[in-house]
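**Student:** sequence plus predicted model, see below.
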Amino acid sequence: MAIRRWRALCFAGAVVAAMLATPALAQSGRPVRIIVPFPPGGSADLLARVISQGLGDLSQQSIVVENHPGAGASIAYDLTARAAPDGNLVVVGSNSLLINPLLRKVSYDSLTSFAPVCNLVASPMIFVVNAASPFRTIGDLIAAAHNRPGTLTLGALGPATTQHIAFESFKHVSKADMIFVPFAGGAPTVNALLGQHVDAALINYSEGVEQIKAGKLRALATTSAARLKPAPDVPTVAESGYPGYASDVWLGLLGPAGTPPARVAQLTKWLAEVMSRPEIESKLEMVGLYPTVTCGETFAGFLRAKKDEYARVIREANIKVDK
């Protein structure tokens, strides 16, 4: 009897300890808010909605996806940085989290104002031309730029975006002197290329895949480190003669700085489980998002390295925006 009483007390003590180790609001029944810095329908929004059901099932909490677009995504980042660090709010961070403070005055620090949880997916970009273009490889485009410096045009989302920085990095390694033509989004960029208003474009793979399949656009090279599963015949820029070149759009989750480590660890565990499910991977790959799950300090180190990389490109290319 004494032994059973001792075991019962130990079990009760363990339960109490576990409850104390878990952030209080994680048990409160309040919903977990996933803040998306962009309008509905984009890659960040799709990622949030694809993972929300799995997170809800594992956490036994309601998951609410909220879109807060504007100011180059800074509205959402500012909202997150100022939020209570209780573990019930995360933001879908992307390249813009690091790029914006390098070009504009913002109210947050891209590294110290947030608690990195997990980097979840990469969305590769691809160099494309109109199907009627004489350029059949990325080498053809580079050679033409060398022969006619300052005359060929390349359209992309911009200015001062991930695509713009990827293009400037490409110009640096290839010595291809081309004119950057900024557009407000991927769709206008594709339309301009279809209308032959630009010579080439750099777009997210998901934005051009249907036109490529239809034979209206020709893919020259992908910016990813490895060839894309759905486009195995398209070489990377790196293997086309420029080793080391790689540039992706990345998407991950971050909470406000000060989010309890136990809560970050719990979110990390849930995210790893959700992202490992084949049906989740399939849904994401259908929209051009490829799981690359890295969490905690590994994600934090990735952010530091990327910030340094973007700062170098912005400085060398003298990229500026209106404050």
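**Tutor:** That came in fine, so what should we check first?

**Student:** quick one: mean pLDDT over stretch 143-161.
**Tutor:** Averaged over stretch 143-161, pLDDT sits at 93.

**Student:** now do it: distance from first to last residue.
**Tutor:** End-to-end distance for stretch 143-161, by C-alpha to C-alpha, to the nearest Å: 26 Å.

**Student:** pull up the pairing partners for whichever helix or strand Pro116 is part of, direction included.
**Tutor:** Pro116 belongs to strand 114-130 when assigned by DSSP states H and E. When pairing is defined by DSSP bridges, strand 114-130 lines up against strand 200-204 (antiparallel), strand 217-222 (antiparallel), strand 248-256 (antiparallel), strand 290-295 (antiparallel).

**Student:** could you identify the helix or strand that succeeds it?
**Tutor:** Heading C-terminal from strand 114-130 (DSSP H and E), you reach helix 138-147.

**Student:** hmm, back to that, quick one: closest of the strands paired with strand 114-130 to Ala132.
**Tutor:** Checking the strands paired with strand 114-130 against Ala132 by C-beta to C-beta gives strand 217-222 as the closest, at 9.0 Å. C-beta coordinates here come from the backbone N, C-alpha and C atoms, glycine included.

**Student:** just want the angle from that closest one to helix 138-147.
**Tutor:** Relative orientation of strand 217-222 versus helix 138-147 (axes from the mean of the first three to the mean of the last three C-alpha atoms, to 10 degrees): 90 degrees.

**Student:** hmm, back to that, pLDDT (mean, whole number) over the strand holding Pro116?
**Tutor:** Per-residue scores along strand 114-130 average to 96.

**Student:** go on, stretch 174-193?
**Tutor:** Average pLDDT, stretch 174-193: 92.

**Student:** start at 234 instead
**Tutor:** From this message on, residue numbering opens at 234, which makes the last subject stretch 407-426.

**Student:** list the buried ones in that stretch?
**Tutor:** For stretch 407-426, burial by neighbour count (16 or more other C-beta atoms under 10 Å) applies to Ser407, Ala409, Met411, Phe413, Val414, Phe416, Gly419, Thr422, Val423, Ala425, Leu426.

**Student:** hmm, back to that, which parts of the strand holding Pro349 are buried?
**Tutor:** For strand 347-363, using 16+ other C-beta under 10 Å, the buried residues are 347-363.

**Student:** tell me who's in contact with Ala378.
**Tutor:** With contacts defined as C-beta atoms under 8 Å, 6 or more residues apart in numbering, Ala378 is in contact with Leu385, Ser407, Ala409, Asp410, Met411.

**Student:** if we ignore the residues flanking it in sequence, what's nearest it?
**Tutor:** Nearest non-adjacent residue to Ala378, counting by C-beta to C-beta, 6 or more residues apart in numbering: Ala409, 3.7 Å away.

**Student:** hang on, that neighbour packs against Arg381?
**Tutor:** No. Using C-beta atoms under 8 Å, Ala409 makes no contact with Arg381, being 10.4 Å away.

**Student:** intersection of neighbour lists for those two?
**Tutor:** The contact lists of Ala409 and Arg381 share no entry, where a contact means C-beta under 8 Å, 6+ apart.

**Student:** ok, which stretches of the stretch 434-556 of the chain are helices?
**Tutor:** 438-446, 494-508, 511-519, 529-550 (DSSP state H, counting those that start in this stretch).

**Student:** what's the mean pLDDT across the second one?
**Tutor:** To tie it back to what came earlier, the one meant is helix 494-508. 96.

**Student:** could you give me the buried positions within that helix?
**Tutor:** Arg496, Val497, Gln499, Leu500, Thr501, Trp503, Leu504, Val507, Met508.

**Student:** do the third one as well
**Tutor:** Neighbour counts over helix 511-519 (16+ other C-beta under 10 Å) mark Ile513, Glu514, Lys516, Leu517, Glu518 as buried.

**Student:** show me the contacts for the closest residue to Ser356 other than its chain neighbours.
**Tutor:** Among residues not flanking Ser356 along the chain, Val482 sits closest, at 4.1 Å (C-beta to C-beta, 6+ apart). Taking C-beta under 8 Å, 6+ apart, we find Val482 in contact with Ser276, Ser327, Asn328, Ala355, Ser356, Pro357, Met358, Thr395, Asn437.

**Student:** surely the fifth one meets Gly521?
**Tutor:** What it means is Ser356. Yes. Here Ser356 reaches Gly521: they are 5.5 Å apart, a contact under C-beta under 8 Å.

**Student:** overlap of the contact sets of these two?
**Tutor:** In contact with both Ser356 and Gly521: Ser276, Asn437, Tyr438, Ser439, using C-beta under 8 Å, 6+ apart.

**Student:** about what we covered before: pipe the buried residues of helix 511-519 into JSON lines and attach distance to Tyr341 and pLDDT per row.
**Tutor:** Shown next, in JSON lines, are these (distance: C-beta to C-beta, whole Å; pLDDT from 0 to 100):
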{"residue": "Ile513", "distance to Tyr341": "30", "pLDDT": "96"}
{"residue": "Glu514", "distance to Tyr341": "32", "pLDDT": "93"}
{"residue": "Lys516", "distance to Tyr341": "31", "pLDDT": "90"}
{"residue": "Leu517", "distance to Tyr341": "28", "pLDDT": "91"}
{"residue": "Glu518", "distance to Tyr341": "32", "pLDDT": "86"}
